[in-house]
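J.: Structure for this input, please:
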Amino acid sequence: MRNLNKLLTFLVFLIPMTGNAYFLSQPKLDLYDEKYAVQLITVGADFSALNSDLNAYEKQADGSVLVPTLSVDKNKKLIGFYWTRVSCNDDSVIMFQDYINGSFEKTQNSNGKDLPFDIKRYYCPIITDAGKKLLTYGYYMSEDKKIFSYLGWFPEEMKKNNLGELEIQLYPYGYNGDQIVTGNNPINSTINCKNKTLKDSNGEHYIESDGKNYKFVVNTACEFNDVLKFSSYEIPGIVDAKTYAKIQKEKKLEEQRIAREEKKRLAEEEKQRLLLEKQSAKEAKARLEAEQREAEAERLRIAKLERESQKETAKALKLYEERAKKDQAFAEANGDGSSNDGICKKYGFKVGSETYKNCRFQLDMAQKQAEIQQAEFNERQRQYDAQQQRYQQEMQAAQDRQNFETGMNLLTFGLGLATGKTFQEAAPALSGQPMYQHQPQPPVFQNYTITTPRGITNCVYQPRMNLMNCN
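T.: Numbering: from 1, shown residues only. Below you'll find the predicted structure:
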């Protein structure tokens, strides 16, 4: 027995799925409550339920089965439709969703601690404390929904009576720590496979109309499905020795027939493969030789282009060096034609003289320092403008602040004014933002003097024109 409150609510969290291909004969099923073989109820606030039609499973090539499963809320409104993959060789089950052309788009693993894993109990045996293999067929819940236990049976203890009916015992079971324990008072029942009925102490149940839990156990015991084979059960006493030997002989013959056909198919495939290889070998060799000739021709063409390119490059470099020498000689004799060159010439300094070099040095250094100051000012001005823009964007949001936050912002704003900030510099505090630094001021460029034949001349940097102006 287990307290139902210990069951975990099934929360569907699906992620993109990749993996093996699967086959479904009916990818979309119209499932109704009366068709479900089992209904597992959560105890969450919404009282949602997880339903599975255990008799409509789809057998897969890898030995697993896919079980149609439906999740509904307390009003029986659909939450999601899934295919639950069960394999007795795996420690978990997988919930698939969105079947498209042999694959599923989404998947979720269940590790034995939530409701989807309970579906595995109906197909794979669990070992009790007595070491016997128990198979689940349903569950029991008290009317107040506080007491919960599973219902199971032992297929290996099933017997056939003189009337040809199957005799089984149905047990409630639960947990004692990690051990599975069955009840001491089983329900003795008989199954009539011909009439598809189960009779217990409560009377006879026709599985087509009632007894959802009984429907699955009848289908399994009578082998209307292959769950017992899927679960690797060996059931003694269900068929006589002669019939069993016949079945085994037919099974062996079928396996041999399949093996012969597979061997024949593989031999034919190998024959066709060798024929295709022989036919295409000559063509492949011819294609390879043609590709090699084309590659060699392309290599020679590229090598020729590279040699021609190297010659043109050397020629161009030589012309460039000769032109550079001429330009250098001309500049040394006549000046470089720059603004500062013109100023020095204007005051009578001869190009190449020490006085000309000193004039150019003073003007060039003054211009470079002024350009650095102007660049620093431009960057500070850009940062200042960006802060102003952010401030304008946040002004509207600041109006919706709570009264306490607004009061604190006003206090910070006042403290900013008291410490020497201007109104614009302290204004961001109104929206809870850091106050601005003082607005950057344009640099004051230092005046420079040069000594000319006419006397001392003042020179100043003009930022808009990026040149020195001497009066």
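
J.: residues of stretch 127-139 that come out buried?
T.: Thr128, Lys133, Leu134, Leu135, Thr136, Tyr137, Gly138, Tyr139 (16 or more other Cβ atoms under 10 Å). C-beta here means a position set from N, CA and C on the backbone, and glycine is covered the same way.

J.: Ok, stretch 330-347 next?
T.: Gly335, Asn340, Asp341, Ile343, Cys344, Lys345, Tyr347.

J.: What is the nearest of the buried residues of stretch 127-139 to Leu151?
T.: Gly138 (4.3 Å; Cβ to Cβ).

J.: what pairs with the closest one across the strands?
T.: Following DSSP bridges, Gly138 is listed with bridge partners Leu151.

J.: What distance do you get for it to Gly152?
T.: Noted for Gly138: a distance of 9 Å to Gly152, by Cβ to Cβ, to the nearest Å.

J.: Can you name the element that comes right after the helix or strand where Ala281 lies?
T.: Secondary structure assignment for Ala281, by DSSP states H and E: helix 241-334. Going down the chain from helix 241-334, the next helix or strand is helix 339-346, by DSSP H and E.

J.: Between helix 241-334 and that following helix, find me the angle.
T.: 10 degrees (axes from the mean of the first three to the mean of the last three Cα atoms, to 10 degrees).

J.: Which elements pack onto helix 339-346?
T.: Applying 3 or more Cβ pairs under 8 Å, 6 or more residues apart in numbering; DSSP states H and E, we find helix 339-346 packed against helix 354-398, strand 467-470.

J.: of all the ones you listed, which lies closest to Tyr122?
T.: helix 354-398 (58.7 Å).

J.: Quick check: neighbours of the strand of greatest length in the chain in the sheet, parallel or antiparallel?
T.: The residue-count maximum for a strand in the chain (DSSP state E) belongs to strand 166-176. Using DSSP bridges, strand 166-176 pairs in its sheet with strand 147-153 (antiparallel), strand 159-160 (antiparallel), strand 179-182 (antiparallel), strand 187-192 (antiparallel).

J.: Single out the most deeply packed of those.
T.: strand 147-153 (a mean of 21; mean count of other Cβ atoms under 10 Å).

J.: Using CSV, write out every CA atom in that one.
T.: Extracted in CSV, the C-alpha atoms of strand 147-153 (Å, rounded to 0.1, in the frame of the first residue of the first chain):
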residue,chain,number,x,y,z
ILE,A,147,-4.9,5.1,-0.1
PHE,A,148,-3.4,3.7,-3.3
SER,A,149,-2.0,0.3,-4.3
TYR,A,150,-1.2,-1.6,-7.5
LEU,A,151,-2.9,-4.8,-8.6
GLY,A,152,-0.8,-7.6,-10.0
TRP,A,153,-0.6,-11.3,-10.8
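
J.: Any idea how far it is from the middle of the chain?
T.: 39 Å (Cα atoms, centre = their mean, to the nearest Å).

J.: that older thread, tell me the average confidence for the longest strand of the chain?
T.: The predicted model assigns strand 166-176 a mean pLDDT of 87.

J.: Below-threshold pLDDT in the stretch 201-350 of the chain: ranges please.
T.: Residues of the stretch 201-350 of the chain that meet the criterion pLDDT under 70 lie in 204-213, 232-245, 247-248, 333.

J.: Give me the domain ranges for this structure.
T.: 1-124, 144-238, 342-470 (automatic domain parsing).

J.: what distance separates the longest strand of the chain from the middle of the whole chain?
T.: 43 Å.

J.: try stretch 80-98
T.: 20 Å.

J.: before we move on, the earlier item: winner for burial among the helices and strands packed on helix 339-346?
T.: Comparing the helices and strands packed on helix 339-346 by mean count of other Cβ under 10 Å gives strand 467-470 as most buried, with a mean of 17.

J.: Can you give the contact residues for that strand?
T.: Residues from elsewhere that reach strand 467-470, judged by Cβ atoms under 8 Å, 6 or more residues apart in numbering: 339-340, 343, 347, 363, 366-367, 448, 450, 457-462.

J.: how about 6 Å then?
T.: Ser339, Ile343, Leu363, Gln367, Thr457, Cys459, Val460, Tyr461, Gln462 (Cβ atoms under 6 Å, 6 or more residues apart in numbering).

J.: any weak-confidence spans in the stretch 51-200 of the chain?
T.: 111-115, 142-145.

J.: Including distance to Lys357, could the strands paired with strand 166-176 go into JSON lines?
T.: Below are the strands paired with strand 166-176 laid out as JSON lines (distance: least, Cβ to Cβ, whole Å):
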{"stretch": "strand 147-153", "distance to Lys357": "102"}
{"stretch": "strand 159-160", "distance to Lys357": "121"}
{"stretch": "strand 179-182", "distance to Lys357": "102"}
{"stretch": "strand 187-192", "distance to Lys357": "117"}
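
J.: Among those, single out whichever gets nearest to Pro443.
T.: Using Cβ to Cβ, the strands paired with strand 166-176 put strand 147-153 closest to Pro443, at 83.1 Å.

J.: Need the contact partners of the closest one.
T.: So strand 147-153 is contacted by 1-2, 4, 134-141, 168, 170-174 (Cβ under 6 Å, 6+ apart).

J.: Show me where the stretch 51-200 of the chain has its strands.
T.: With strands called from DSSP state E, counting those that start in this stretch, the stretch 51-200 of the chain shows them at 58-59, 65-72, 78-86, 93-100, 103-110, 126-127, 133-141, 147-153, 159-160, 166-176, 179-182, 187-192, 197-200.

J.: Arg390 is nearest to which of those strands?
T.: Short answer: strand 103-110, nearest of the strands of the stretch 51-200 of the chain by Cβ to Cβ, at 43.1 Å.

J.: Direction included, what does the closest one pair up with?
T.: Checking strand 103-110 against DSSP bridges gives partners strand 15-16 (antiparallel), strand 93-100 (antiparallel).

J.: Of those strands, flag the one that's most buried.
T.: strand 93-100 (a mean of 19).

J.: what number of residues lie near Glu223?
T.: Residues contacting Glu223 under the criterion other Cβ atoms under 10 Å number 14.

J.: Confirm that it sits in a strand.
T.: No: under DSSP: H, G, I helix; E, B strand; the rest coil, Glu223 falls outside any strand and is assigned coil.
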